[in-house]
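**Q** dropping a prediction and its sequence here:
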Amino acid sequence: MGAATGAGRDRLAVWDWEGQGERVATGDWLVTDAERAAAGRETVTARFLALLPANRERAARRYADGGLPDGEELVRVWCPRDPAALEARLAGKDLAAWPEGDVLHVLWRGAASRASLASGIQLPLWPVDGAAGLWEASVRVRRLDEAAITLAVAVIDDNGPMLGRSPGDPLVFRGPGAPAPAIAEPLAGQVQEHLIESAALGAPPKTDLRSLEYLPPRRSRRFAAHLSFVTGEVIPWAAGRYPVARQPWTTAGFSNGAAWAIAAAQRRPDVFGRVAALSAGVVPHRVTRGSRLVRHYLAAGTLEPGFRRSTAQWATRLDRAGMAYAHQEWAGGHDNWWWHQQLPVALAWLLAAG
């Protein structure tokens, strides 16, 4: 079942989609299940529980079959669990992860209507039968030995939004062949906050417009205002306050920030001569003629299919345009751990050219 769109969209509707080997229940992210239930409508939790038996059956077959489907980097698997053995795995903690061959098992203990993994792997957690408060996810991962995966839990309450809340600290699973952290010691320096009154952006908005400011296809006027704020106000202020080279500047970011970094250099190659874009989900359809001298460092994870595909598409367009670029992939997902590892590498590559 698909979601309604446009002016006639039913905000209380619940639908499901196919993701990494299972049917995933979802709905409008700003609507709570309590609101749906009060209106006599199906809830996302009810759809999730209705889909669970068939999802388990499919995942059990994949667990028994072994291997991954062609072209897939990660797929859900499942096998029946002994609650006592799982409790032992937690060893007094609320979150645990361990490998079994090419399968990564994740276990969380907590109270929730629904819960999901976030960060490096983004999948619903399934309740463990016969063990109230235990939730699990098992996934077969290609190159698991090389992977580093941040595992965080998002708890979705009946009265809360679909994004959920974080009940505790994440953990990072690292396979035996995963790279060592790029930065072994804490960075030295200072963090300073400055307030700049912006003529380009105007008064602070009443709602969060970050996606409109970062993703040009959403609304070009707000994107243009944000770009003007950076190039016409922030950069001149920084150049006048700190002993920095005036140009070319390097624009860098991850996720939405990566999309902005690419788009900004396409529009203002006179300002931005280098781009570090990690996990870019939205990229331009073509390279602008004036940006042919802009250098790019691009990277994305094998476990973030949409971002991986978009980042690779941009690398292909740069290659066809004869532009200087590097394109790397890591064994992981949409993950802060990898972004922190890749940024120093990206800057070293970009700045080495002078």
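**A** On my side now, so go ahead.

**Q** could you list every residue that touches residue 280?
**A** By Cβ atoms under 8 Å, 6 or more residues apart in numbering, the contact set of residue 280 is 255, 258, 259, 261, 262, 298, 300, 307, 310, 311, 314. Bear in mind the C-beta positions are built from the backbone N, C-alpha and C, glycine included.

**Q** mind giving me JSON lines with these and columns for pLDDT?
**A** Converted to JSON lines, these look like this (pLDDT from 0 to 100):
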{"residue": "255", "pLDDT": "95"}
{"residue": "258", "pLDDT": "98"}
{"residue": "259", "pLDDT": "97"}
{"residue": "261", "pLDDT": "98"}
{"residue": "262", "pLDDT": "98"}
{"residue": "298", "pLDDT": "98"}
{"residue": "300", "pLDDT": "98"}
{"residue": "307", "pLDDT": "96"}
{"residue": "310", "pLDDT": "97"}
{"residue": "311", "pLDDT": "98"}
{"residue": "314", "pLDDT": "98"}
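
**Q** give the buried subset of those residues as a PyMOL selection command.
**A** Buried subset of these, written as a PyMOL selection, criterion 16 or more other Cβ atoms under 10 Å:
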select buried, resi 255+258+259+261+262+298+300+307+310+311+314
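
**Q** residue 341: which of the contacts of residue 280 is nearest?
**A** Minimum distance to residue 341 across those is 12.9 Å, recorded for residue 300 (Cβ to Cβ).

**Q** report how many residues lie close to residue 23.
**A** 16 (other Cβ atoms under 10 Å).

**Q** show me where the stretch 1-150 of the chain has its strands.
**A** In the stretch 1-150 of the chain, the strands defined using DSSP state E, counting those that start in this stretch lie at 14-19, 22-27, 74-77, 95-100, 103-109, 114-119, 126-127, 134-141, 148-156.

**Q** so what does the biggest helix by length in the chain touch, helix or strand wise?
**A** Assignment by DSSP state H gives helix 44-65 as the longest helix of the chain. Applying 3 or more Cβ pairs under 8 Å, 6 or more residues apart in numbering; DSSP states H and E, we find helix 44-65 packed against strand 14-19, strand 22-27, helix 33-38, strand 74-77, strand 114-119, strand 126-127, strand 134-141.

**Q** looking at those, which is nearest to residue 286?
**A** strand 14-19 (29.9 Å).

**Q** partner strands of that closest one, with direction?
**A** As defined by DSSP bridges, the strand partners of strand 14-19 come to strand 22-27 (antiparallel).

**Q** may I have the strand it pairs with as PDB, with CA atoms only?
**A** The C-alpha trace of strand 22-27 is given here as PDB (Å, rounded to 0.1, in the frame of the first residue of the first chain):
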ATOM      1  CA  GLU A  22      11.000  -7.200   5.300                       C
ATOM      2  CA  ARG A  23       7.800  -5.200   5.100                       C
ATOM      3  CA  VAL A  24       8.200  -2.100   7.200                       C
ATOM      4  CA  ALA A  25       5.100  -0.300   8.600                       C
ATOM      5  CA  THR A  26       5.200   3.500   8.600                       C
ATOM      6  CA  GLY A  27       3.100   6.600   8.400                       C
END
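
**Q** quick one, that strand and helix 44-65 angle?
**A** Between strand 22-27 and helix 44-65, the angle comes out at 170 degrees (axes from the mean of the first three to the mean of the last three Cα atoms, to 10 degrees).

**Q** contact partners of strand 22-27?
**A** Residues outside strand 22-27 that contact it (Cβ under 8 Å, 6+ apart) are 12-18, 36, 44-45, 47-48, 51, 54-55, 58-59, 76, 123-124, 162.
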